[in-house]
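Q: fold the following and give me the result.
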Amino acid sequence: MVKTRDVSDNQIIPSSTVAVLGRRDPKRAYPLAGPVYVTGAAPGDTLAVEILHLRTEAWGWAAFFPGRGLLPDDFPEPYLRIFDLTLGDVALMRDDIAIPIEPFFGTMGVCPALAREQPVMPPGTFGGNMDIRQLTEGTTVYLPVQVDGALFSCGDAHAAQGDGEVCITGIETPMHATLRLVVQKGRGIPAPQFAIPGPLVPRVNAGGWYGTTGVGPDLYRAARTRSAR
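A: Below you'll find the predicted structure:
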């Protein structure tokens, strides 16, 4: 079981106003739980991370930072929204707009080979800040072990996120999680993969899904060379 702080490392709290965005220390961002040493894990193995249970705390936040995000010229002022997550299944943007709560960790990974200090983004073959919103409760994430003990870490929890963080944040929140770490000896994979037990869009498909990731500085090359199962 792990408990993670929000991505601001408690610099943003439920009573915060937008003024906090200008005072925050970016060096404190992305606090992670870990690293966890997994006995028996060695380079060439795969670490299976079974996501058994995820629970957010009672609040979360989203923000916009001037000059960043998909439309930086359209929104010159900072914005902070604190969300009440006590309804359990949705967060209200306003009375007539409800956002489904689907918790997941934006960052999950193992220690890269030869690493001394490693930023969580961009992601790499080790995992990191992948922000794959389908990594919810019931999913299994597969990570290629690169050092003895794997040294698994996780954090950057979201109560909800769309297909990417186009404004830089999802609904950031502290998280409580129960994970099971299983070593798959001798199974080598080139980059993170994941298995989802149910449909991605229940109204139009059924059954489970298996996902692979393509990681690298060139989007098109990464799409062509995404890891095979």
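
Q: and Arg221, backbone torsions?
A: phi -70, psi -40 (degrees, to the nearest 10).

Q: for the spatially closest residue to it that is not a sequence neighbour, give its distance to Asn129.
A: Closest residue in space to Arg221, ignoring its immediate chain neighbours: Gly214 at 7.9 Å, by C-beta to C-beta, 6 or more residues apart in numbering. Backbone N, C-alpha and C define where each C-beta goes, glycine included. Separation of Gly214 from Asn129 (C-beta to C-beta, to the nearest Å): 15 Å.

Q: out of the two, which sits in the more crowded spot?
A: When neighbours are counted by other C-beta atoms under 10 Å, Gly214 and Asn129 differ, and Asn129 comes out ahead with 20 against 16.

Q: which ones are touching the more buried one?
A: Tyr30, Gly106, Thr107, Val120, Met121, Pro122, Pro123, Asp156 (C-beta atoms under 8 Å, 6 or more residues apart in numbering).

Q: try it again with 6 Å
A: Neighbouring residues of Asn129 by C-beta atoms under 6 Å, 6 or more residues apart in numbering: Thr107, Val120, Met121, Pro123.

Q: likewise for Ile51?
A: Glu137, Thr139 are the contacts of Ile51 under C-beta under 6 Å, 6+ apart.

Q: read off the pLDDT value for it.
A: For Ile51, the pLDDT comes out at 98.

Q: same question, Pro31
A: Reading off the model, Pro31 has pLDDT 96.

Q: Ile82: what secondary structure?
A: Of the three states, Ile82 takes strand according to DSSP: H, G, I helix; E, B strand; the rest coil.

Q: for the one 5 residues further on, same thing?
A: Using three-state DSSP, the three-state assignment for Leu87 comes out as coil.

Q: now the helices: where do they sit in the chain?
A: Along the chain, counting by DSSP state H, helices occupy 20-23, 219-224.

Q: tell me which residues in the first one are buried?
A: Going by neighbour count (16 or more other C-beta atoms under 10 Å), the buried part of helix 20-23 is Val20, Leu21.

Q: do stretch 178-194 as well
A: Going by neighbour count (16+ other C-beta under 10 Å), the buried part of stretch 178-194 is Leu179, Val183, Ile189, Ala191, Pro192, Gln193, Phe194.

Q: farthest pair in those?
A: Across the buried residues of stretch 178-194, no pair lies farther apart than Leu179 and Ala191, at 20.0 Å, counting by C-beta to C-beta.

Q: ok, now how distant is Asp84 from Ser8?
A: Asp84 sits 18 Å away from Ser8, going by C-beta to C-beta.

Q: so between the two, which is more surrounded?
A: More crowded of Asp84 and Ser8, by other C-beta under 10 Å: Ser8, with 22 against 11.

Q: good, wrapping up.
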